[in-house]
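Participant: fold the following, please.
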Amino acid sequence: MSGAMSVRTLGRSPSSASAVAAVTGTLFEEGWGRTRGAGYYARRQQQMTRAAKGHFPAIFKPVRNGGCRTRSALIAQLTYLTTKSTHIIDSRSVYDGKSELNADQIAKVADRFSGAWNERFSPKLGHTTHMIMAFPIGTKGEDVRTIVSRMGERFFSQEGRQFDYLIAVHEDRAHPHAHIVLNRRSPDGEFFYLKRDHHFNYDAFREAMVEEAEKVGVRLEATRRIDRGVHSYKPTVREVYHAKDEGRAPVERQRTGGDAERARDEIGLVAWLYRSLSNEATHENRTHVSEALGRAAELLSGGQTLKPDGAITMSETHSLEELSSRFADQATRAETMAEAMEPAKRAAFERELSDIYAGIAHMQPIGPQSHRLNEVPSDVGVYSDTNIERDALARLSEVDVRERVETALEGTGIDPDRVIARIETGANSAALERQWLADDFRSIARTDRLDLERNDHRDIAAERLNDLHVELGDALQSAGILRNDGASEAAAVTDANLVAGEPASSSEEARTYADESDAVLRDTHEAMRVNSALDPFDNEADGARFREAIEERLDEEQIATLKQGDGTVLADLADDRLDRLYLAKAYLQSDAATANGGAAQDVMREIAETEVDRARERHGETHNEPGTRHG
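Facilitator: Residues are numbered from 1 along each chain as shown. Below is the predicted model of the structure:
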């Protein structure tokens, strides 16, 4: 987070500004900028319980570069997929029940799909999406057909969300799998894409696979690799093919440096959570579950991974998994209810929820930050219960106080009634205080159209949040509603935040790209965003890994184009031109043969010019946008 003060804080005590910055300083790094509700974490624990019982990972992934831009490309793809299949599922039911399609049928499907395309619109990922779902060895083809058919109905055949698709089940390998070819634009105009927190996201598909598979007796789980104690990343596509040619098992990519340390730290937290779940199961008299979870904790603590073997089974009807599922449903419903409540009721309801979660903090109901549920809020925050004079709350309804609050919030997108309701309620834990700060943070970002995946945009949002809470603190402290505006407590709060600092969230939690195998790209990309002038690689091995990660996504012609300094071939990896330039620079610097050539110099010059232009734009926005005040 940026610690800089804007012109709005001139004339105020620097310690006052830094105090508020200290309270909000690690907001985004700790994950609160992307807060997930308790329902998500309860579902995660449910999946961890399944992993401890030896269930198999649910494998769902989109095929990179698998989208088709032309009818002929679609025919070629369908020919490969539907002439070696054992079952066909058709969203229009035309070819349901068939095992394969002939050339005429394939052409008709291609005509059907391409007839819905907008010829003036050429999406960079194609008009279609190709996805794969894979299942454990021994899964019957009929069961795969049933599972994926229900998945298609569940995600793509609902009222208001209907997409045309064709599914082909293959049993030509040890692991039966299903290929889904989806027409990305629905008749209602919705365009399909996968993204975290969107209704189409990886977690949703994998969790749905688990649920639908359970109905036919196939036991799956939807944990992350890190939840199973896996330190490494999946092997690259190139390595998979090399291994196949050489008749050996693919070698996974090992984490290095800080990435490896973060993985070890997170696996340690996961092991601790398995122990907590084991203890909870013991209290519930779920002996088999407790033993499985305890064994999982021991394996992870010893540096081993959880292996899917299906050996651990459950005889209890009411398992911990079912209890977790009920809690997840209840938590999700509660959070949905909160979203729809009027401000006064919502603040009180959120405090009540926070109190409930505090009682089960050992189960990590809100994730790694659950320990804050039982920590006191700051001494200086606007929302902190310890900083609010309860006897003075009636002054919030006074006209001059209300006007100062509304003036401070002007142009931020934050509802004054919501802020006042939070102050009247008071955050009685560090977790709730940070939840409300995170909500303000996101409101500012939405209003100013800031992309929180970008460091520079996060800094802008953080600075505006800091300025806002300084202004609110001044107004409320002068009205006698707050005990402290932060000036006298700055150093203490800063020290407390340094001591309580958390390791950065894992690559899977913060990833920008499609899946965890892109962490090498993400980490390098983030390093370039922080300082584009520096060499992003600590050693040749890091550069080689990055170069390999880029090249496995490009064909030979695109690689040659990139070596000439043309970053447009990276459009599938980054929408923003500056981000593409960062990746292009890193690619050229990853190889001694291109690091100091003319192409690298041209890219660096483009980066410098673009960064200057962006800085000027931001400067103009900061000083001219509605809601920004000077002096």
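
Participant: check which residues of stretch 236-251 are buried.
Facilitator: Within stretch 236-251, the residues scored as buried using 16 or more other C-beta atoms under 10 Å are 236, 239, 250. Glycine gets a C-beta too; all of them are placed from N, C-alpha and C.

Participant: what do you get for stretch 211-219?
Facilitator: 211-213, 218-219.

Participant: least confident of those?
Facilitator: Lowest pLDDT within these is found at residue 219 (83).

Participant: wait, it touches residue 213, no?
Facilitator: Yes. Counting by C-beta atoms under 8 Å, residue 219 does reach residue 213; the two are 7.2 Å apart.

Participant: residue 126: which of the buried residues of stretch 236-251 is nearest?
Facilitator: Closest to residue 126 out of the buried residues of stretch 236-251 is residue 236 (22.1 Å), distances taken as C-beta to C-beta.

Participant: which residues in the stretch 351-500 of the chain form helices?
Facilitator: 399-409, 416-425, 430-447, 455-478, 490-499 (DSSP state H, counting those that start in this stretch).

Participant: shaky segments in the stretch 1-150 of the chain?
Facilitator: By pLDDT under 70, the weakly predicted segments of the stretch 1-150 of the chain are 1-46, 48-54.

Participant: before we move on, the earlier item: nearest to residue 173 among the buried residues of stretch 211-219?
Facilitator: Once C-beta to C-beta is applied, the member of these that ends up nearest residue 173 is residue 218, at 16.7 Å.

Participant: got a list of what that closest one touches?
Facilitator: If you count contacts by C-beta atoms under 8 Å, 6 or more residues apart in numbering, residue 218 has them with 135-136, 139, 143, 147.

Participant: who wins on neighbours among these?
Facilitator: residue 147 (26 neighbours; other C-beta atoms under 10 Å).

Participant: which parts of the helix or strand harbouring it are buried?
Facilitator: Residue 147 is located in helix 141-156, with elements delineated by DSSP states H and E. Neighbour counts using 16+ other C-beta under 10 Å place 141, 143-152, 155-156 of helix 141-156 among the buried residues.

Participant: could these go into a markdown table alongside distance to residue 116?
Facilitator: Shown next, in a markdown table, are the buried residues of helix 141-156 (distance: C-beta to C-beta, whole Å):
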| residue | distance to residue 116 |
| --- | --- |
| 141 | 30 |
| 143 | 31 |
| 144 | 27 |
| 145 | 25 |
| 146 | 28 |
| 147 | 27 |
| 148 | 22 |
| 149 | 22 |
| 150 | 24 |
| 151 | 22 |
| 152 | 17 |
| 155 | 18 |
| 156 | 14 |
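
Participant: the nearest residue to residue 174 once chain neighbours are set aside: which element?
Facilitator: In space, not counting the residues next to it along the chain, residue 174 is nearest to residue 137; the distance is 4.9 Å by C-beta to C-beta, 6 or more residues apart in numbering. Counting by DSSP H and E, there is no helix or strand that carries residue 137.

Participant: residue 137 contacts residue 177, correct?
Facilitator: No. Applying C-beta under 8 Å as the test, residue 137 and residue 177 come out as separate, 11.2 Å apart.

Participant: just want to know which of the two has more residues nearby.
Facilitator: residue 177 (18 against 9).

Participant: isn't that one up against residue 133?
Facilitator: Yes. Taking C-beta under 8 Å as the definition, residue 177 is a contact partner of residue 133 at 6.4 Å.

Participant: joint contacts of the two?
Facilitator: Joint contacts of residue 177 and residue 133 (C-beta under 8 Å, 6+ apart) are residue 59.

Participant: ok so, going back, need the helices of the stretch 351-500 of the chain in JSON lines (columns: distance to residue 379 and mean pLDDT).
Facilitator: As requested, these are arranged in JSON lines below (distance: least, C-beta to C-beta, whole Å; pLDDT from 0 to 100):
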{"stretch": "helix 399-409", "distance to residue 379": "21", "mean pLDDT": "91"}
{"stretch": "helix 416-425", "distance to residue 379": "15", "mean pLDDT": "92"}
{"stretch": "helix 430-447", "distance to residue 379": "11", "mean pLDDT": "88"}
{"stretch": "helix 455-478", "distance to residue 379": "12", "mean pLDDT": "85"}
{"stretch": "helix 490-499", "distance to residue 379": "7", "mean pLDDT": "29"}
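
Participant: of those helices, which is nearest residue 575?
Facilitator: Among the helices of the stretch 351-500 of the chain, the nearest to residue 575 by C-beta to C-beta is helix 455-478 (13.6 Å).

Participant: buried ones in the closest one?
Facilitator: 456-477.

Participant: between the buried residues of helix 141-156, which is nearest residue 377?
Facilitator: The closest of the buried residues of helix 141-156, once distances to residue 377 are taken by C-beta to C-beta, is residue 155, at 40.5 Å.

Participant: now do the contacts for that closest one.
Facilitator: Counting by C-beta under 8 Å, 6+ apart, residue 155 makes contact with 161, 200, 204-205, 208.
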